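Engineer: pasting the sequence and the predicted model now:
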Amino acid sequence: MSNAPHPDDAAAERDQLWSLIKGIRFALFTTRHGNGHLHGRPMTMQNRAIGEDDRLWFFMSAQGAPVSDLLVEPQVNIGYADPGEDRYVSVSGTAAVVDDAAMKHALWSPMAAAWFPGGADDSDLALVQVRISHASYWDVQDSKLTQVVKMTRAAITGTPPTDLGEHGELRLT
């Protein structure tokens with residue numbers, strides 16, 4: 001018996017994840033450093049969508065610590081936050097540096113030139129893929145005023161609020 005999600009379920013989960021993260025410009029990309037500590041750094045996701053391969057794409061400095069870290073320990077976490085929309089997503093996956101000039105060109109944007117002035121062919125440009133294995137999300141649809149009312153009621157009654165949005169788990173592999 002396989003634990004793999006049904007293809008229709010996987011597509012729905014992929015679409016749901018994309019709807020949660022597509023508008024978030026920066027993500028906190030966390031690796032495990034050689035000393036065992038976790039290190040998070042802001043990175044810009046390069047995806048225009050999440051394809052059936054369930055991968056996220058990032059440009060990083062080939063000489064930088066994040067690339068060095070993930071070459072030793074490929075398990076990473078990517079945190080997305082949109083406080084204005086009360087939306088938070090944590091993605092776990094396996095990272096790898098990919099040597100694919102065509103993909104670098106396909107993902108290239110003028111904003112990346114700020115970090116890599118040599119363009120998509122810059123010798124320091126590392127293309128990093130993260131194969132998504134799991135994601136957790138918290139998405140609050142209530143207005144700020146409604147949230148305050150619910151939290152005030154909880155504080156007065158001593159009963160923690162249970163209806164402050166949606167929390168879910170997505171398994172893509």
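Structural biologist: Great, that's in hand.
Engineer: just the element for Met127, please.
Structural biologist: One thing to correct before we go on: residue 127 is Leu, not Met. Per DSSP states H and E: Leu127 is located in strand 125-139.
Engineer: listing partners with orientation, what would you give for that strand?
Structural biologist: Applying DSSP bridges, strand 125-139 is found paired with strand 55-61 (antiparallel), strand 87-98 (antiparallel), strand 166-171 (antiparallel).
Engineer: distance check, the nearest residue to Tyr137 once chain neighbours are set aside against Asp53.
Structural biologist: Computed as C-beta to C-beta, 6 or more residues apart in numbering, the closest residue to Tyr137 that is not its neighbour in sequence is Val89, at 4.6 Å. In this view, the C-beta of every residue, glycine as well, is placed from N, C-alpha and C. Distance, Val89 to Asp53, by C-beta to C-beta, to the nearest Å: 19 Å.
Engineer: between those two, who's got more neighbours?
Structural biologist: Using other C-beta atoms under 10 Å as the criterion, Val89 and Asp53 rank with Val89 on top: 21 against 10.
Engineer: surely the more buried one touches Leu20?
Structural biologist: Yes: taking C-beta atoms under 8 Å as the definition, Val89 is a contact partner of Leu20 at 5.1 Å.
Engineer: shared neighbours, the two?
Structural biologist: Common neighbours of Val89 and Leu20, using C-beta atoms under 8 Å, 6 or more residues apart in numbering, are 80, 137.
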